[in-house]
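Visitor: dropping the sequence and predicted coords here.
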Amino acid sequence: MVTRVVFKAPMPMLLRACWQVSGLCSAAILLSCTPAEQPPISPPGALVADEVCSFCHGVTGQSIAQEVPKLAGQQKAYLTKQLTRFRGHEHLGEFSARYMRQFAQLTDGQIDELSEYFSEQPPMTAQGDGEHTVGEAIYRSGLPNMSVPGCASCHGAQAQGSGSIPRLAGQHARYLSQRLEVLAAAQGSVSSSHLLPPAAAEMVALYLASLGANK
């Protein structure tokens, strides 16, 4: 039995962020109403990051809410891919469908600038104390008896990711375990590498959260 994951986040912050996006998009439309010979003007990605993304993800991508992913130091190619999907309303879960649809107005330039901005921030900081030997073992070697390969085979020995494969080191444990539950619920449409039992997924998530950069 798979538990349905319901994402929750501080409503005032999220609604405020949505209003900020709408305001920036409206400003872009007004700025673009210039003589025909001038190209439309859109808010730069750095402005969108500061005025919109920061409400949930933090100014430097070090989000506080456990359900909201950290973006700091994330792979640029991965961020670009995800923002492009959000713009096209692809693969939106319940949480994303409610709030990320506001980003349908992003231009290719803004997506590139946002991705570069967050990828260049100091990497996600470590969380949690103590050793996570079981989680580490599953991350590195998987669950052979269930034909689940180790996560390290794609995400790297230090979980830093590469290209379109995301960095996991230092990511919120709750966010990671929830994402793994969602993927497990989509059996048949995802790789077997994501089909970890809930208890194993939680141990791996706690281990990954502890791998972040020093605070």
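Guide: Alright, I've got the coordinates.
Visitor: and residue 178, which of the three is it?
Guide: Three-state call for residue 178 (DSSP: H, G, I helix; E, B strand; the rest coil): helix.
Visitor: count of residues packed around it?
Guide: Neighbouring residues of residue 178 were enumerated by other CB atoms under 10 Å; the total is 21. Where you see a C-beta, it was placed from the backbone N, CA and C, and this is true even at glycine.
Visitor: touching, it and residue 66? I think so.
Guide: No: using CB atoms under 8 Å as the test, residue 178 is too far from residue 66 to be in contact (9.0 Å).
Visitor: before we move on, which element is the most centrally placed residue in the chain in?
Guide: Centre of the chain computed as the mean C-alpha position; nearest residue by CA atoms, centre = their mean is residue 69, 4.6 Å away. Residue 69 is located outside every helix and strand, with elements delineated by DSSP states H and E.
Visitor: check what pLDDT residue 94 gets.
Guide: At residue 94, the pLDDT value in this model is 64.
Visitor: now residue 158
Guide: At residue 158, pLDDT is 95.
Visitor: swap in residue 39?
Guide: 51.
Visitor: SS state for the nearest residue to the residue nearest to the centre of the chain once chain neighbours are set aside?
Guide: Spatially, and ignoring its direct neighbours in sequence, residue 69 is nearest to residue 175 (5.2 Å; CB to CB, 6 or more residues apart in numbering). Three-state call for residue 175 (three-state DSSP): helix.
Visitor: number of residues surrounding residue 146?
Guide: Neighbours of residue 146 (other CB under 10 Å): 11.
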